[in-house]
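Colleague: Here you go, sequence then predicted model.
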Amino acid sequence: MTDSIVLRGGTVLTMDDSHTIHQAADVLVVGDKIEAVGPSLEVPDGTQEVDASGGIVMPGMIDTHRHMWQTAMRAYGADWTLTQYFVWYYLEHGKAFRPEDIHAGNLLAAWESLEAGVTTTVDWSHGLQTVDHADAAVDALQATPGRFVLAYGNIQAGPWEWTADPEVRKFFERRRTGTGDMLGFQLAFDVTGDPSFPERAAFEAARELGLPVTTHAGVWGATNDDGIRLIHENGFAAPENIYVHSATLTTDSYQRIAASGGSISVSTESEQSAGQGYPPTWQVRQYAIPVSLSQDTSVWWSGDLFSAMRSTLGADRSREHLEAHVKGDTVTALSLRAEQVVHWATRGGAHALGRDDLGRITPGAKADVILIKNDASPVSFPLLNPYGHVAFQAQRGDVHTVIVDGRVVKADGKLVGFDAAAVRRSVDATIAHLRFSMGEETWQAGMHPEMPAGSKVLDNPYQYTDFQSEKTHGARGSMFGEPGSGS
Ligand SMILES: [Zn+2]
């Protein structure tokens, strides 16, 4: 296996400090680093060549918050609210997950990231009810060729409890050695706003262990301004803190985050469906808080940052229009640009993780590179506005090549070394275990939450028909009425 690769003739989004774009340029990777970027590069003998013409070469994307263990239940909670999610995992069934179930979910999620061009994923792993679960989580991440951060968490105990557990301390001693820069660690816990600030001990543990903290902040009904104020007033608002969602917060909290240099991980698809609050980029822009993007959990969505970029642009612009319309104004120029969400998906994630060697294609940076190219697709041309193309036109199936740490992990649209059958077997075993331990009725009920009382279609005075809403509803078994028949 040669240790150099060149991607020839692509449109290169370097995401360097001035966002330089090269047309018809080459990117040379030697070992685990970017060696050179430019036209018609001379390359060492034996360099593997990838034809990038007609495609976009950009840094691998970075997801700063994903509960990877939940991927074994892909789409199960598509119609959940956050309350239903909390009840299912936190109160009723989270304890049913065995170490092998954490392993199965993480393995599937890790490959899913790579397939979508997400080369670094923060595994917000809050199902680690024992250290065996934590070992299983790390084993799965290390069994795949991606770059990961294990954010250690445990929703079955208070953070002041599990961070004090000697077994957890030993876990970090054991697993932090020899991982190089392919696996990082954080502590993951939430701050409830209890004025006695019991989370102090967990922040002190993080400081002692030299680990950043990631926390769900500004989540409607769960965490609010009190949590941010307590973190800040007690001296734990470190610049490496990642505040996930940060949707339901006021100016005071945003200013505390901005002043302390922390960053916000926005999960727009999640905030829109689950109800943490309105996706906050339209607000955090005005406080100049660094932003990264995340997909939260595949129990609803998928680990795909194209979706994150698209939904974030949509939510931000939607709010900007609505705020203007309320005042009778019209937005004639948009504030959030496609270029900015591509920045958040790459450099934004690198900044949040304190990794200036990621998220950019510049000589000396780590060779985490993707090629978006799909010659058979009518969506692949013309390529006029590359940021717009990435944010609104491309999708995960267009990810042609993925390189992590100088190693090709997806080639010509196919993952390298992904044993789909083996991963499927372990995921199937997890599902079988959950269904069996919960019972089929409970399992099915979890997937099909009740409709809220009183959902119905209003009778419409403009439909001059014999339309009878109740009868129609009954017949169709749906909330949708039938359009006027016209007879
Ligand atoms: Zn989350």
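Modeller: Great, that's in hand. Residues are numbered from 1 along each chain as shown.

Colleague: Am I right that residue 324 is in a helix?
Modeller: Yes - the assignment for residue 324 is a helix, going by DSSP: H, G, I helix; E, B strand; the rest coil.

Colleague: That one: what's it in contact with?
Modeller: Taking Cβ atoms under 8 Å, 6 or more residues apart in numbering as the contact definition, residue 324 lies against 330-331. Glycine gets a C-beta too; all of them are placed from N, C-alpha and C.

Colleague: Pretty sure residue 309 sits against residue 390.
Modeller: Yes - with the criterion set as Cβ atoms under 8 Å, residue 309 and residue 390 qualify as a contacting pair; they are 7.1 Å apart.

Colleague: joint contacts of the two?
Modeller: Where contact means Cβ under 8 Å, 6+ apart, the residues bridging residue 309 and residue 390 through contact with each are 338, 342.

Colleague: Where does the prediction get shaky in this protein?
Modeller: 1-2, 464-487 (pLDDT under 70).

Colleague: Tell me where the stretch 351-487 of the chain has strands.
Modeller: Using DSSP state E, counting those that start in this stretch, the strands assigned to the stretch 351-487 of the chain run over residues 369-372, 399-404, 407-411, 414-415.

Colleague: and the last one, how far out from the chain's middle?
Modeller: Read it as strand 414-415. What separates the centre of strand 414-415 from the centre of its chain is 21 Å, taken as Cα atoms, centre = their mean, to the nearest Å.

Colleague: Check which helices and strands that strand sits against.
Modeller: Secondary-structure packing of strand 414-415 (3 or more Cβ pairs under 8 Å, 6 or more residues apart in numbering; DSSP states H and E): helix 99-115.

Colleague: following the helix it packs on, which helix or strand comes up?
Modeller: On the C-terminal side of helix 99-115, the nearest following helix or strand under DSSP states H and E is strand 118-125.

Colleague: Measure how that next one sits relative to helix 99-115, angle-wise.
Modeller: Between strand 118-125 and helix 99-115, the angle comes out at 150 degrees (axes from the mean of the first three to the mean of the last three Cα atoms, to 10 degrees).

Colleague: Nearest residue to residue 434 in space, please, no chain neighbours.
Modeller: Nearest in space to residue 434, with sequence neighbours left out and distances taken as Cβ to Cβ, 6 or more residues apart in numbering, is residue 96 at 5.9 Å.

Colleague: is it true that that neighbour touches residue 437?
Modeller: Yes - assessed by Cβ under 8 Å, residue 96 is found in contact with residue 437 at 5.2 Å.

Colleague: For residue 208, give me phi and psi.
Modeller: Dihedral pair for residue 208: phi -60, psi -40, per degrees, to the nearest 10.

Colleague: What segments of the stretch 101-250 of the chain are strands?
Modeller: Counting by DSSP E, counting those that start in this stretch, the stretch 101-250 of the chain has strands at residues 118-125, 147-152, 183-188, 213-217, 242-245.

Colleague: will you turn those into TSV that also has mean neighbour count and distance to residue 304?
Modeller: Rendered in TSV, the data for those read as follows (neighbours: other Cβ atoms under 10 Å; distance: least, Cβ to Cβ, whole Å):
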stretch	mean neighbour count	distance to residue 304
strand 118-125	30	8
strand 147-152	28	17
strand 183-188	23	22
strand 213-217	28	21
strand 242-245	30	18
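
Colleague: Tell me which of these sits nearest to residue 17.
Modeller: With respect to residue 17, and counting by Cβ to Cβ, the nearest of the strands of the stretch 101-250 of the chain is strand 118-125 at 19.8 Å.

Colleague: which residues touch residue 54?
Modeller: Counting by Cβ under 8 Å, 6+ apart, residue 54 makes contact with 10, 373, 375, 380-381, 383.

Colleague: Does it belong to a helix, a strand or coil?
Modeller: Strictly by three-state DSSP, residue 54 counts as coil.

Colleague: Check the gap between it and residue 28 for me.
Modeller: Taken as Cβ to Cβ, to the nearest Å, the spacing of residue 54 relative to residue 28 amounts to 19 Å.
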